[in-house]
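Colleague: Next one to model:
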Amino acid sequence: MLRISFIPNLHRTLSGLLAVVLMLMIVAGMASAQTTTLPALNTRLIPRPLTTGDISTYKLPSTTETSLGLINATLGQAIYLEADINIAIPPADITGVTWALLSQPSGSKAAILNNTLPASLPLYEPSDRSLYQVAGRALLRPDVAGEYVAAVTVATKSEGTATVQQTFIGATYVGISACAQCHSGNLAEAMVPSWSKTLHSQIFTQGITGVNGTSYGTSCYTCHTVGYDLNATSSNGGFSQTMAALGWTAPNTLVPANWTNLPASLQNLANIQCENCHGPGSVHANSGGTPYEISVPQGSGACNSCHDAPTHHVKGTEWFTSMHAVTTTDPAGNASCVGCHTQNGFIAKMAGTTPTDLSYGAIGCQTCHEPHGQTTPASDSHIIRNMAQVTLADGTKVANAGEGALCMNCHQARQKAATYAASTAGSAHFGPHEGPQADMLEGANGFTYGLNIPSSAHAYVAQNTCVECHMQATATTDAAFLKAGGHTFKADFMPADSTTPVQLVGACQNCHGPEITTFNFPLFDYNGDGKIEGVQTEVQHLLDTLSAMLPPAGQAKTSLSIDSTWTQPQLEAAYNWLFVTNDGSNGIHNTAYAVGLLKASIADLTARGGK
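Modeller: Numbering: from 1, shown residues only. Model (predicted):
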């Protein structure tokens, strides 16, 4: 049951004191029967993003208003309030959800309104769905610039009651000129100079001047300008209202003079700039840059407000189905893991600093892309955060990875096989890290027994290595559309009505010819059984042969139970078995190297009688 409390027109100067008093009243009213148990309920109050992709996927009315999911919104714009609690709490255990607007700017008539989103709409971030459930939703529309403090109290039968609050900001748009006054390096971090070299900073300019083609209509303005909203009912300072006030109309002919002739006030609001991602900035700018009065997006909502818009703007739509979107939360709080398993940890790692933010955050848009163009090396068209040379644990320097270099920072073994496998005692944690794809692709860092193991040419012929195959483009008519390739990072997928995977072999066909229809195509009889089977089948036979030689001997295994009783030769062989298995491609990344390592281990154990 939704209960809404509304306290109107409280002045900002009293908001802090009144907020405290009212919060105590809310909690005290329930204290006689229940006790606040924040850890168990794990309650949070967040603004839920809502994208065009959401509207399409969950079949919402086409008139549903989208939202970036930021704490600051323009006047009259919907902020979808969402109260989430621990997923372990049975829904039937929730006895009440109470909303209150604790304070708002002088003159505001805003109120917390009933929720307009259906119960079938899940939490926005895929990674949150295993942690939280929706306890309740509501709606807030700021109508006066300033701070709005909202609170929600969630009551349960078995876990008590929790009250949380969040400050939201109503503001108007100010445009790039205001942001540049500080963020050109004068008073705050210099973001504008590098941003001005990105495609985001030029997309509208190029559109109306014909650089990007002969078709560019106002339907593009929603994402390519600041505050283009024909349904806006409040004065928000955005592009559409400024355009109407000036009487400017979109040009029918796309010529270079269109940008030159565009009024300065519209140029100030054109292109994808600060407020497209950080929200309207008037309160932030007028307060002298108070940090909490502007949003620093952590989730994917700000990017996906434009990039989750099927069928043509689908980078975010693809990402939703990726493993990156649901990366494990287990390493959160572990300084040695967060550098790859969490967004802020990876950002710190790429900056060359030790991660100090140990909180969990999925591998999202800002993890891999630096939105202000502050990339290493200098800004590229895809604003990839870091494409510097990667050094593997055995000292191999990878300078030929192209855009795949970013992937290799995490997808590597993290052990120097030559010394680790030959000297480390057996335990359940023995082996390379579970993502040694960079090592495998480069033909490096397996346990070689001092042999010269051959390597395939994939690392050299695939210009952008990982990206070349895992981010292939798929047509909207392709069965793999939104399920493989692109930002799904998947090379194949299994249709719901089939047992045969759909595989993206286009990149393979560039070298192996159009007759290639599967990754598992035949080349040689690698395992020597007299039959030439598919590459992946041959490699699996070698894996089975090797695992059958490892304790307990005699049977092929899908996992190894390593302990302190294993001999050093067994551990060396186990390292290679885990190296090839954890690579996950069954030889496709580097057939020669995978086959060579497995054969070397089989030969060594055979010569030693399996011991």
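
Colleague: List of residues touching stretch 432-445?
Modeller: 390, 392-394, 396, 398, 401, 407-408, 410-417, 446, 453-456, 458-459, 465-466, 575, 578-580, 582-585, 589-590, 592-594 (Cβ atoms under 8 Å, 6 or more residues apart in numbering). In short, each C-beta sits where N, CA and C put it, glycine included.

Colleague: Narrow those to those that are buried.
Modeller: Buried subset of the contacts of stretch 432-445 (neighbour count, 16 or more other Cβ atoms under 10 Å): 390, 392-394, 396, 398, 401, 407-408, 410-415, 417, 446, 453, 455-456, 458-459, 465-466, 575, 578-580, 582-583, 585, 589-590, 592-594.

Colleague: among the contacts of stretch 432-445, which are in helices?
Modeller: Among the contacts of stretch 432-445, DSSP state H puts 407-408, 417, 458-459, 466, 575, 578-580, 582-583, 592-594 in helices.

Colleague: how about the residue nearest to Ile294 when sequence neighbours are not counted, secondary structure?
Modeller: Closest residue to Ile294 apart from its sequence neighbours, by Cβ to Cβ, 6 or more residues apart in numbering: His284 at 3.9 Å. Under DSSP: H, G, I helix; E, B strand; the rest coil, His284 falls in the helix class.

Colleague: and the gap between His284 and Thr290?
Modeller: 6 Å (Cβ to Cβ, to the nearest Å).

Colleague: Apart from its neighbours in sequence, what residue is nearest Gln104?
Modeller: Distance criterion Cβ to Cβ, 6+ apart; nearest residue to Gln104, sequence neighbours excluded, is Tyr148 at 4.9 Å.

Colleague: Parallel or antiparallel, which strands does the host helix or strand of that neighbour pair with?
Modeller: Assessed by DSSP states H and E, Tyr148 sits inside strand 146-156. If you go by DSSP bridges, strand 146-156 pairs up with strand 94-103 (antiparallel), strand 161-171 (antiparallel).

Colleague: got those as TSV, with distance to Cys220 columns?
Modeller: Written out in TSV, the entries for the strands paired with strand 146-156 read as follows (distance: least, Cβ to Cβ, whole Å):
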stretch	distance to Cys220
strand 94-103	36
strand 161-171	24
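
Colleague: can you redo these as TSV with distance to Ala484 and mean neighbour count?
Modeller: Formatted as TSV, the strands paired with strand 146-156 follow (distance: least, Cβ to Cβ, whole Å; neighbours: other Cβ atoms under 10 Å):
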stretch	distance to Ala484	mean neighbour count
strand 94-103	38	21
strand 161-171	38	23
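
Colleague: I'd like these as CSV, with distance to Ile347 and mean pLDDT appended.
Modeller: Putting the strands paired with strand 146-156 into CSV (distance: least, Cβ to Cβ, whole Å; pLDDT from 0 to 100) gives the following:
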stretch, distance to Ile347, mean pLDDT
strand 94-103, 34, 98
strand 161-171, 24, 97
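
Colleague: Among the ones you listed, which comes closest to Gln536?
Modeller: strand 94-103 (48.5 Å; Cβ to Cβ).

Colleague: picking up where we left off before, residues near the residue nearest to Gln104, how many?
Modeller: Other residues near Tyr148 come to 27 when the count uses other Cβ atoms under 10 Å.

Colleague: and of the strands paired with strand 146-156, who's closest to Gln343?
Modeller: Per Cβ to Cβ, nearest to Gln343 of those: strand 161-171, 20.8 Å.

Colleague: any idea how far that closest one is from the chain center?
Modeller: 25 Å (Cα atoms, centre = their mean, to the nearest Å).

Colleague: chain center to the helix or strand following it, what's the gap?
Modeller: Per DSSP H and E, strand 161-171 leads on to helix 176-183 as the next helix or strand towards the C-terminus. How far helix 176-183 lies from its chain's middle: 28 Å, per Cα atoms, centre = their mean.
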